[in-house]
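**Q** Quick one, what's the 3D model for this:
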Amino acid sequence: MDLRDQALAWIGQDPDPQTRAELQQFIDTNDDELTDCFAGRLQFGTAGLRGKLGPGPNRMNRVVVAQAAAGLAAYLKQQHPQEASIVIGYDARHNSDVFAADTAAIMQGAGINALVLPKPLPTPVLAYAIKHLGASAGVMVTASHNPPQDNGYKVYLGDGCQIVPPTDADIAREIERVANTMSVEDLPRDNEWVTLGGDVLEDYIDRAAALITNEQRSNNRRITTVITPMHGVGGSTLHEVLTQAGFPDPIPVTEQFEPNPDFPTVAFPNPEEPGAMDLALERANQHSPDLVIANDPDADRCAIAIPGPDGYRMLTGDEVGSLLGWWATQQDSTRTTLAQSIVSGTMLKSIAESQGLNYQHTLTGFKWIGRIPTLRFGYEEALGYCVDPEAVSDKDGITAALFVATMAAHLKVNDHTLEDQLDRLATEHGVHATKQVSVRVTDLSRITEVMAALRTQPPTSIGGLAVTRFIDLEEGTDLPPTDGLLFELEGNARVIIRPSGTEPKVKAYLQSVIQVTEDLATARAQSGRQISALEADVRTWLR
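**A** Here you go, the predicted model:
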């Protein structure tokens, strides 16, 4: 079947008039976009689906979503032949509500009880609802912090964790079978699914607020915050959680507070991206809060900025992870493990060992971290934190923000700040300077070329530090194989290179570890020089 015939066949089964018209225009004008729309199929993997909205199998659209839902339904019927249920959530991106409704109708049509959240809500609420309601699985329609033209489809199982191999491959095979043998017009549908009430969200908020003790609630009155959901769905939930936990009403970044799928004030709705936090920091300079808190659009990530001598500064994901790791050791819990992704800084290991707790590292992603049965706290440097794993086995930017703010209140009552606590951790465990370097590409083959070149001719030194050990993570270590390269360097420094799992980027993760033998400022200056030298070499690889 030639490209034109493929496109016409697609139009024949597409229920969406907008993407049908878009595809017909590509056919009529022989647009190059037509080729790309059919250049392949969005791959279903451990991150589910994520891609650009548009027609064809290489885009996010109602046909692709219907095929994914039918494939997932077939898998769930195999695993739960008697009875299965699924909770479906969605954010405020373009077509998220439509994709959620299509998924619910197909699940219900397949004999699976579909429970749909009542409105656009944060991803952590969906992850909470799966375990809270005892569902067999969950789907969250979101592209998280991707650009506005994207959407995505995250799949969870009944443990509240995102899928891992071999489940992803098993579901992908069912999706492929559906795509190859059925038209989406012929998929059984039933619109009698259940739309959940607001009690699920209320239960999530109550659970979060109940994590705070009465003494902490009293302290929390002293902390002021500026918050932004970055045009996403987390604003009102975060506001309610903070006020129930005793904090004064947060100061909102009004230009970004209501959900808007076009994300008009930011180039990329990701707090890590340059410029994304500008409005929040501007509001902070006007009001002088103790904390600035930003969630990404689906609120599973959390960014923190704190005041300093030169204005507000963003904390890195590793700084927040180390602070929350320390805070976790100060709380009563029967859970015994602190964990982090392999690309995150390693101060958490030292914190865990100093408190007699277990430590574990995993592959990147909370689909691995959330599965640790004894997890007390887990994080990844890309602003993802799990502080209440018993309720939410995934990263949760709402409860993470709550815990950071509560920690700041505890420190303030004792005449200390988060910056002071970072100093104490560095003095005790060494200065762990970390930095992520990422390069966005337009041609995905460039990522393959970079990784192949480093595999075949690995450097013997980086930033003037000798490579003491080179590990190809694709060959497996104590972790499952993954596409990544680890360079261990003299003095406990290291560099990890890997492709992004969700964006067209290649990423490098740098770490320098300097023990404080003289004074903290000297150690920090030394680590800063090391990181700069590492970055200079790494950027030459990624050009």
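**Q** Skipping adjacent residues, who's closest to residue 390 in space?
**A** Spatial nearest neighbour of residue 390, chain neighbours left out: residue 335 (7.7 Å); criterion: CB to CB, 6 or more residues apart in numbering. In this view, the C-beta of every residue, glycine as well, is placed from N, C-alpha and C.
**Q** what about the one you found, distance to residue 79?
**A** Remark: distance between residue 335 and residue 79 (CB to CB, to the nearest Å) = 28 Å.
**Q** more neighbours, the two?
**A** Each of residue 335 and residue 79 has its neighbours counted (other CB atoms under 10 Å); residue 335 has more, 17 against 13.
**Q** Would you check that that one makes contact with residue 389?
**A** Yes. In terms of CB atoms under 8 Å, residue 335 counts as a neighbour of residue 389; the distance is 7.1 Å.
**Q** got any residues that touch both of the two?
**A** 375-376 (CB atoms under 8 Å, 6 or more residues apart in numbering).
**Q** Domain ranges for the chain, per the record?
**A** 3-197, 202-427, 430-542 (automatic domain parsing).
**Q** chain center to the first one, what's the gap?
**A** Relative to the chain's own centre, domain 3-197 is displaced by 19 Å; criterion: CA atoms, centre = their mean, to the nearest Å.
**Q** Could you work out the end-to-end span of that domain for me?
**A** 45 Å (CA to CA, to the nearest Å).
**Q** Just give me the neighbour total for residue 482.
**A** Quick note: residue 482 (other CB under 10 Å) scores 18 neighbours.
**Q** check contacts around it.
**A** Counting by CB under 8 Å, 6+ apart, residue 482 has contacts 363-364, 473-474, 498.
**Q** So of those residues, which two are at opposite extremes in space?
**A** Spanning the widest gap among those are 364 and 474, at 13.6 Å by CB to CB.
**Q** the more surrounded of these two?
**A** Neighbour count, other CB under 10 Å: between residue 364 and residue 474, residue 364 has more, with 24 against 13.
**Q** Show the pLDDT at the residue nearest to residue 390.
**A** Residue 335 is assigned a predicted lDDT (pLDDT) of 96.
**Q** got a list of what it touches?
**A** Contacts of residue 335 (CB under 8 Å, 6+ apart): 374-376, 389-390.
**Q** Which residues are in contact with the nearest residue to residue 228 once chain neighbours are set aside?
**A** Nearest non-adjacent residue to residue 228, counting by CB to CB, 6+ apart: residue 253, 3.8 Å away. Taking CB under 8 Å, 6+ apart as the contact definition, residue 253 lies against 226-228, 279-280, 283.
**Q** what about stretch 497-507, distance to the chain center?
**A** Distance, stretch centre to chain centre, for stretch 497-507: 13 Å (CA atoms, centre = their mean).
**Q** Now for residue 113: which residues touch it?
**A** 83-86, 107, 193-194.
**Q** Repeat that for residue 259.
**A** So residue 259 contacts 91-92, 120, 229, 231-233, 235, 297 (CB under 8 Å, 6+ apart).
**Q** ok, now residue 501?
**A** 45-47, 364-365.
**Q** Help me confirm that it is found in a strand?
**A** No. Using DSSP: H, G, I helix; E, B strand; the rest coil, the secondary structure at residue 501 is coil, not a strand.
**Q** Need the three-state assignment for the nearest residue to residue 450 once chain neighbours are set aside.
**A** Excluding the flanking residues, the one nearest residue 450 by CB to CB, 6+ apart is residue 506, at 5.5 Å. Secondary structure state of residue 506, per three-state DSSP, is strand.
**Q** With the one 3 residues further on instead?
**A** Reducing the assignment to helix, strand or coil with three-state DSSP, the entry for residue 509 is strand.
**Q** related to what we said a few turns ago, now, the contacts of residue 482 that are in helices?
**A** In helices, judged by DSSP state H, none of those are found.
**Q** Output the residues you listed as CSV; include the columns pLDDT and distance to residue 138.
**A** Shown next, in CSV, are the contacts of residue 482 (pLDDT from 0 to 100; distance: CB to CB, whole Å):
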residue, pLDDT, distance to residue 138
363, 92, 21
364, 90, 21
473, 94, 29
474, 92, 30
498, 93, 27
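**Q** So which of those residues belong to strands?
**A** Among the contacts of residue 482, the residues falling in strands (DSSP state E) are residue 498.
**Q** Including distance to residue 265, could the contacts of residue 482 go into JSON lines?
**A** JSON lines is the format used below for these (distance: CB to CB, whole Å):
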{"residue": "363", "distance to residue 265": "34"}
{"residue": "364", "distance to residue 265": "29"}
{"residue": "473", "distance to residue 265": "38"}
{"residue": "474", "distance to residue 265": "40"}
{"residue": "498", "distance to residue 265": "30"}
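**Q** Closest to residue 218 out of the contacts of residue 482?
**A** residue 364 (38.7 Å).
**Q** Contact partners for the closest one?
**A** Contacts for residue 364 (CB under 8 Å, 6+ apart) come out as 341-343, 380, 482, 498, 501.
**Q** Return the subset of these lying in strands.
**A** Using DSSP E, the members of the contacts of residue 364 that fall within strands are 341, 380, 498.
**Q** So which of those is the closest to residue 40?
**A** residue 498 (21.7 Å).
**Q** Tally up the residues packed near that closest one, please.
**A** 23.
**Q** Mind listing the residues bridging to it?
**A** Following DSSP bridges, residue 498 is listed with bridge partners residue 507.
**Q** Test my guess that it contacts residue 474.
**A** No. Judged on CB under 8 Å, residue 498 makes no contact with residue 474 at a distance of 9.9 Å.
**Q** shared neighbours of those two, which are they?
**A** 482-484.
**Q** quick one on the thing from earlier: ok, the residue nearest to residue 450 - contacts?
**A** Residue 506 sits in contact with 438-439, 441, 446-447, 450-451, 497-500, 542, where contact means CB under 8 Å, 6+ apart.
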